[in-house]
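A.B. asks: Prediction below, plus the sequence it came from.
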Amino acid sequence: MLAIKDVTKRFGGTAVLDAVTVEMPARSVNFLMGPNGAGKTTLIRCILGLHRYRGSITWEGAPIDPAARRVCPVFDHAPFHAALTGMQNLKVLSPESVGGSSVYLSRDVLRRKVKGYSHGERMRLALTAALNSGAELVVLDEPTNGLDRDTMHRLKADIRARAATTTFIVTGHNLEFYDDVVDNLFVLKDGTVTRTDLSPQHPERRIDLARVYDEHYPSAGR
C-alpha cells in the first residue's frame with residue numbers, strides 16, 4: 001500500500017497540495033483525476049522524491065528508496081540518452097526490461113539512436129522499460145500521449161495483466177481509455193485528494209470517467 005499522510009507542497013505562497021492524506025491499495029490501478037494545474041504531476045513528483053514536501057509518503061510501511069528500484073515512472077517527456085540506441089538505453093536505464101514480453105518498438109527502431117525518435121517512439125520506449133522493469137510500483141503520467149490506437153489497446157491489456165502483481169498510479173486526460181482499467185479513483189481538487197466510489201454505468205465499461213470528471217469539474221476548460 002502507498003500511504004500519503006499530511007503531504008503539503010507549496011510553490012511560493014500557493015499550496016498545490018494541502019495536507020493530503022490518502023491510501024492507494026497495492027496490486028491495483030489507481031487513477032489520479034484532475035484538470036491541468038490540479039496537482040497530479042506535483043503529487044507524482046512528491047511520491048518519487050523529486051520534490052521536497054511536508055508530511056510523509058511510504059510504500060509498504062517504509063520510505064521509498066529510489067536506489068532500491070522498486071518504483072519505475074513514465075513521464076510525458078521521458079529522459080533518455082539521445083546518442084544511444086533504444087536498446088542501449090534499456091540496458092543502461094532498465095536492464096531488467098531487456099527481453100521482456102511488453103515490447104512496443106520493433107527491433108529496427110530499437111537499433112536506431114534515440115535522438116531520431118518521434119515523441120510517440122520515446123513514449124513507447126519508456127513504456128517498454130517500465131512495464132518490463134519488475135518494479136512493484138509503476139507510475140504512468142499521461143502514458144497515452146503520442147500513441148496510436150493499436151498501441152493503446154496493447155497498453156491497456158498489459159496494464160490489466162500486470163495489475164494482479166503490480167501497483168499502478170496513472171494520470172491522463174484520455175478518460176475513455178481508462179474506463180475499464182481503473183480499480184480506484186482519486187480526485188484532485190483545491191489542493192486535496194479524495195478517493196471516489198466507482199460504480200458501473202453500463203455493461204461494456206466499469207465506469208464512465210468522463211461523466212465523473214464533468215461532475216467534479218463542471219467548468220473546467222469551458
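C.D. replies: Done, it's in.
A.B. asks: So, low pLDDT: which residues of this protein?
C.D. replies: Where the chain drops to pLDDT under 70, the residues are 199-206, 220-222.
A.B. asks: try 80 this time
C.D. replies: Within the chain, the segments meeting pLDDT under 80 span 66-69, 78, 197-207, 219-222.
A.B. asks: who's in contact with the spatially most central residue of the chain?
C.D. replies: Centroid-nearest residue in the chain: residue 140, 1.8 Å away (criterion: CA atoms, centre = their mean). Counting by CB atoms under 8 Å, 6 or more residues apart in numbering, residue 140 makes contact with 73, 74, 127, 130, 168, 169, 170, 171, 172. C-beta here means a position set from N, CA and C on the backbone, and glycine is covered the same way.
A.B. asks: can you put those in TSV and add neighbour count and secondary structure?
C.D. replies: Converted to TSV, these look like this (neighbours: other CB atoms under 10 Å; DSSP: H, G, I helix; E, B strand; the rest coil):
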residue	neighbour count	secondary structure
73	20	strand
74	20	strand
127	27	helix
130	24	helix
168	24	strand
169	25	strand
170	24	strand
171	23	strand
172	19	coil
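A.B. asks: Go through these and say which is closest to residue 147.
C.D. replies: Distance to residue 147 across the contacts of residue 140 (CB to CB) is lowest for residue 127, with 8.4 Å.
A.B. asks: List the contacts of the closest one.
C.D. replies: Contact analysis of residue 127 by CB under 8 Å, 6+ apart lists 74, 102, 104, 140, 143, 155.
A.B. asks: who's in contact with the second one?
C.D. replies: Pointing back at residue 102 there. Residue 102 is in contact with 127, 128, 131, 132, 154, 158, counting by CB under 8 Å, 6+ apart.
A.B. asks: Chain neighbours aside, what residue packs nearest to it?
C.D. replies: Distance criterion CB to CB, 6 or more residues apart in numbering; nearest residue to residue 102, sequence neighbours excluded, is residue 131 at 4.3 Å.
A.B. asks: try residue 143
C.D. replies: Ranked by CB to CB, 6+ apart and with sequence neighbours excluded, the top spatial neighbour of residue 143 is residue 74, at 5.6 Å.
A.B. asks: shouldn't that neighbour be in contact with residue 128?
C.D. replies: No - between residue 74 and residue 128 there is no contact under CB atoms under 8 Å: 9.9 Å.
A.B. asks: What is the nearest of the contacts of residue 140 to residue 39?
C.D. replies: residue 171 (10.3 Å).
A.B. asks: And for residue 150, the neighbour number?
C.D. replies: Using other CB atoms under 10 Å, residue 150 has 8 neighbouring residues.
A.B. asks: residue boundaries of the helices in this structure?
C.D. replies: 40-47, 86-93, 107-111, 119-131, 149-162, 175-178, 209-216 (DSSP state H).
A.B. asks: and of those helices, who's closest to residue 1?
C.D. replies: Closest to residue 1 of the helices of the chain, according to CB to CB: helix 40-47, at 12.8 Å.
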